[in-house]
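Asks: have a look; sequence and predicted model below, questions after that.
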Amino acid sequence: MLDARQVLTDLEGVRAALGRRSAEAARSLDAVAEAAEARRRLVGETERLQAERNQANQEMSALARSPDRAAFEARREALKGLSERVKVLETELAELEARVEGLLLAVPNVPHESVPAGHGEEDNVVVRTGGERPAFDFEPAAHFDVGVRLGILDFERAAKLSGARFTVLWGLGARLERALVSFMLDLHVREHGYTEVYPPFLVRAEALRGTGQLPKFEADLFKTHRHVEPGADPESGALYLVPTAEVPVTNLHADEILDGAALPLAYAAYTPCFRSEAGAHGRDVRGLIRQHQFDKVEIVRFVSPEHGAAELERLTAHAEAVLQRLGLHYRVSELCAADLGGSSQKTYDLEVWLPSQGVYREISSCSWFGDYQARRAAIRYRPEPKAKPRLVHTLNGSGLAVGRTLVAILEQCQRADGSVELPAALHPYMGVERLVPGAAGR
RNA sequence: GGAGAGGUGACCGAGUGGUCGAAGGUGCAUGACUGGAAAUCAUGUGUACCCGUAAGGGUACCGCGGGUUCGAAUCCCGCCCACUCCGCCA
């Protein structure tokens, strides 16, 4: 969420910055500014009357103790009107404040000044590449063909159970999924200094509002409900399945004032992620790329504002290290202003090479949110004892999306005979070095 | 599912319808004491918003929302949340 006061004091500046994202985003500011200005005026008026009432009540307190009942009664009658007016203004003000908040919640973050301009995905800037692009003396197969032939991926039985966009993993495939999770967590926890967290997978709407998924992206979420007696509110107790560990982990510190000396805080969490992928009909229908349920290890950092930029580089390097240890070919691209996620002010995507398609696909998104999430979730820190609380900066990145990592391994490490040579880093977790057709699925 | 007791400041914890932003304590900060520290003593320590260049002034906030009242942390109603015991359950 943007700072309402900044919108008022620097409307043109904020509008211009948001305009780099989209014209629509820039336009969304107008209603905010109008409502915020109206609110400011009403606050002044309301507070003046409240002060008047408070002073009158002080006098009433004295009158109540004096023997002059007539004076007390008369004054009391006179004050009824004042109280009524205060109440009316307070009601109006509350409505206006809710309106400002509601409008502001829908405004995306301002792109950082260092973010390249652009109109869409095609304007993202490739920053660097990593690993070697594997060479094949045969036509590399798609991961779903590799996986089905190995007997480790089963889309048909998953569809029987749950419909499209779900997968059953068998045998060494299931073990590989688990191995990847352990490998990634171990790397971040033992070598990168992250604290491992295991959060709830179901969260309240407030948590999703804190990180920015709500109110705008409800359609992308799976929402649960509890059994309620007829007539009871069906919304009562409703919870959402987490679309990413970012939500529960970032909101761990919602409504808290952190000790400045404790920053930066760094958390790594494995969770499954659930996304309804509304609006993605027909895209990536085959294979593991786009699923309703997938595993991800997420890394999250809470930092002081002055370190935000450097922290994004650090976090990105931590995510990148996973690809490097696995020996996978990838590239890092910086998203242009138009392609940025709504809450982010600067993002690097890690994209892994998929030889069957000859393209790079997103496998991690590392974002610096500035104080956008911190303001929504009220995550602050005290720089020094006694100092005024300030909003932290939050960052997070996939480290990595496990399903897509498995895809990349099946594709980049495949051999002509249909087997897959596993990265050395996974051997201790797997107990085997290769996935062989006819043996892997059992 | 049954029964019960609660939600107050960074934290713990008192609170009679008016002088309560709220006792007391912890923690923290500054000063005194000390060779230094501990202990002790003194003083100071909430958040947000509005006006103001500033100094400063004002308003709101005792889970949330409504009601009663000239006036609500305190009374009434609804909701939300978390806790205890029993039962059930991995």
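Replies: All right, it came through fine.

Asks: so what's A:Lys223 up against?
Replies: A:Ala238, A:Leu239, A:Tyr240, A:Leu241 (C-beta atoms under 8 Å, 6 or more residues apart in numbering). Quick note: C-beta positions are derived from backbone N, CA and C, even for glycine.

Asks: residues near the nearest residue to the second one once chain neighbours are set aside, how many?
Replies: The reference is to A:Leu239. Excluding its sequence neighbours, the residue lying closest to A:Leu239 (C-beta to C-beta, 6 or more residues apart in numbering) is A:Leu202, at 4.1 Å. A:Leu202 has 16 neighbours, counted by other C-beta atoms under 10 Å.

Asks: so where do the helices sit in the stretch 51-200 of chain A?
Replies: A:69-105, A:143-150, A:155-162, A:171-186 (DSSP state H, counting those that start in this stretch).

Asks: identify the spatial nearest neighbour of A:Gly438, chain neighbours not counted.
Replies: Per C-beta to C-beta, 6+ apart, closest to A:Gly438 is A:Gly151, 7.2 Å.

Asks: same check on A:Tyr360?
Replies: The nearest residue in space to A:Tyr360 (C-beta to C-beta, 6+ apart) is A:Glu351, at 3.6 Å.

Asks: which of the helices of the stretch 51-200 of chain A is buried the deepest?
Replies: helix A:143-150 (a mean of 22; mean count of other C-beta atoms under 10 Å).

Asks: got the CA coordinates for the helix or strand of chain A with the lowest mean pLDDT in PDB?
Replies: Every helix and strand of chain A was ranked by mean pLDDT, DSSP states H and E. The lowest is strand A:256-259, at a mean of 85. What follows is strand A:256-259, C-alpha atoms only, in PDB (Å, rounded to 0.1, in the frame of the first residue of the first chain):
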ATOM      1  CA  GLU A 256       4.800  -6.100  15.300                       C
ATOM      2  CA  ILE A 257       7.500  -3.600  16.000                       C
ATOM      3  CA  LEU A 258      10.800  -5.400  15.500                       C
ATOM      4  CA  ASP A 259      14.000  -4.700  17.300                       C
END
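
Asks: for it, packing partners?
Replies: strand A:379-382 (3 or more C-beta pairs under 8 Å, 6 or more residues apart in numbering; DSSP states H and E).

Asks: quick check: phi and psi at A:Glu246.
Replies: phi -50, psi -40 (degrees, to the nearest 10).

Asks: meant to ask about A:Arg434, not that
Replies: Torsion angles, degrees, to the nearest 10, at A:Arg434: phi -140, psi 150.

Asks: contact partners for it?
Replies: For A:Arg434, the contact set (C-beta under 8 Å, 6+ apart) comprises A:Ser419, A:Val420, A:Glu421, A:Leu422.

Asks: could you report the pLDDT at it?
Replies: What the model reports for A:Arg434 is a pLDDT of 96.

Asks: hey, what's it bridged with?
Replies: Counting by DSSP bridges, A:Arg434 forms beta bridges with A:Glu421.

Asks: which residues are contacting stretch A:153-161?
Replies: A:143-144, A:147-148, A:166-170, A:173, A:286-288.

Asks: next one: it to chain centre, how far?
Replies: A distance of 29 Å separates the centroid of the chain from that of stretch A:153-161, by C-alpha atoms, centre = their mean, to the nearest Å.

Asks: using CSV, list the CA coordinates for that stretch.
Replies: Taking C-alpha atoms only, stretch A:153-161 is exported to CSV below (Å, rounded to 0.1, in the frame of the first residue of the first chain):
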residue,chain,number,x,y,z
LEU,A,153,4.8,-38.8,-13.6
ASP,A,154,1.2,-39.8,-13.8
PHE,A,155,-1.2,-37.2,-15.1
GLU,A,156,-4.1,-39.6,-15.8
ARG,A,157,-4.5,-40.9,-12.3
ALA,A,158,-4.1,-37.3,-11.0
ALA,A,159,-7.0,-36.2,-13.3
LYS,A,160,-9.1,-39.1,-11.9
LEU,A,161,-8.6,-37.8,-8.4
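
Asks: avg pLDDT for it?
Replies: 95.

Asks: who's in contact with the nearest residue to A:Thr405 once chain neighbours are set aside?
Replies: Counting by C-beta to C-beta, 6+ apart, the nearest residue to A:Thr405 once its immediate chain neighbours are dropped is A:Leu180, at 5.5 Å. Contacts for A:Leu180 (C-beta under 8 Å, 6+ apart) come out as A:Asp295, A:Val402, A:Thr405, A:Leu406, A:Leu426, A:Tyr429.

Asks: distance of A:Leu180 from RNA strand B?
Replies: Distance from A:Leu180 to RNA strand B, counting by C-beta to the nearest atom of the strand, to the nearest Å: 26 Å.

Asks: what about that residue, distance to A:Arg361?
Replies: 16 Å (C-beta to C-beta, to the nearest Å).

Asks: could you list the low-confidence segments of the stretch 1-150 of chain A?
Replies: Residue ranges of the stretch 1-150 of chain A with pLDDT under 70: none are present.

Asks: I should have written the stretch 301-442 of chain A there, sorry.
Replies: Ranges of the stretch 301-442 of chain A meeting pLDDT under 70: none found.
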